[in-house]
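requesting a structural model of the entry that follows:
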Amino acid sequence: MRSGELARLAGVSTDTLRHYERLGLLPVPRRSAANYRDYPPAVAGRVQLIRRAIKIGFSLTELKTILLERDGGRRPCRHVRRLLTSKIRDIELQIRNLVSMRGELARISRGWDRRLSRTRRGQPAKLLESLPMDTPVSPRPKPHLRTQGA
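Okay, here's the model as predicted:
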C-alpha cells in the first residue's frame with residue numbers, strides 16, 4: 001500500500017509516516033518500480049498503535065525502544081507497564097504542583113485586590129512589581145518528543 005493510502009487509513013499525514021520511518025518506528029518500506037513507498041498492510045495497525053500510545057503520553061523515543069524490543073522477539077510488557085506507572089507518578093506530581101500554584105496565585109490575587117482597592121483611579125497599582133522575589137515558577141509538563149501534526 002502506498003504512503004497516501006496508508007496515511008488516510010491510519011489518520012496521519014505522509015510526512016508523519018516518513019518521520020516515523022526516519023525514527024525507526026516503522027520498517028523501511030519496499031519501493032515500487034516507480035520508486036513509491038510500498039508498505040505492507042500490517043503497518044497500518046502499527047501506526048494506529050503508535051498514535052494511541054502517544055495520546056496517553058508515551059514519547060516517540062520510548063515507543064522506538066519498545067517496538068525495537070518487540071521486533072527483536074522480546075516481550076517488553078513489564079517495561080511498558082513501568083513506563084505507565086512512571087507517567088502516572090509524573091502526572092500526580094504535576095497535579096500537586098498545579099494545586100500549589102493555584103493556591104499561590106489565589107494569594108497573589110487577594111493581595112492585588114487589596115492593592116487595587118487602595119490605589120486611586122488612574123494611578124498605577126504596579127501589580128507585577130509587587131510580586132515577591134520568591135514567586136514560584138509555573139510547573140511545566142515534561143517535554144516529550146512529539147511532532148506537529150504527528
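
which non-adjacent residue is nearest Arg30?
Counting by Cβ to Cβ, 6 or more residues apart in numbering, Arg30 lies nearest to Asp38, which is 4.7 Å off, once chain neighbours are set aside. C-beta: built from backbone N, CA, C; applies to glycine.

and for the one you found, the neighbour number?
15 (other Cβ atoms under 10 Å).

backbone dihedrals for Ser13, both of them.
phi -90, psi 160 (degrees, to the nearest 10).

should've said Arg2
In terms of degrees, to the nearest 10, the main-chain angles of Arg2 are phi -80, psi 160.

show me what it is bridged to.
Asp38 (DSSP bridges).

ok, it touching Pro40?
No. The criterion here is Cβ atoms under 8 Å, and Arg2 misses it with Pro40 at 11.8 Å.

below-threshold pLDDT in the chain: ranges please.
136-150 (pLDDT under 70).

all strands of it, in order?
30-31, 37-38 (DSSP state E).

ranking the ones you listed by burial, who's on top?
strand 37-38 (a mean of 18; mean count of other Cβ atoms under 10 Å).

for that one, packing partners?
For strand 37-38, the packing partners by 3 or more Cβ pairs under 8 Å, 6 or more residues apart in numbering; DSSP states H and E come out as strand 30-31.

can you give me how far the strand it packs on is from the chain middle?
31 Å (Cα atoms, centre = their mean, to the nearest Å).

could you spell out the sheet neighbours of that strand, each with its direction?
strand 37-38 (antiparallel).

residues making contact with the partner strand?
Strand 37-38 is contacted by residues Met1, Arg2, Ser3, Leu17, Pro29, Arg30, Arg31, Ser32 when judged by Cβ atoms under 8 Å, 6 or more residues apart in numbering.

with stretch 1-17 instead?
18, 26, 32, 36-41, 43-44, 47-48, 51, 147, 149-150.
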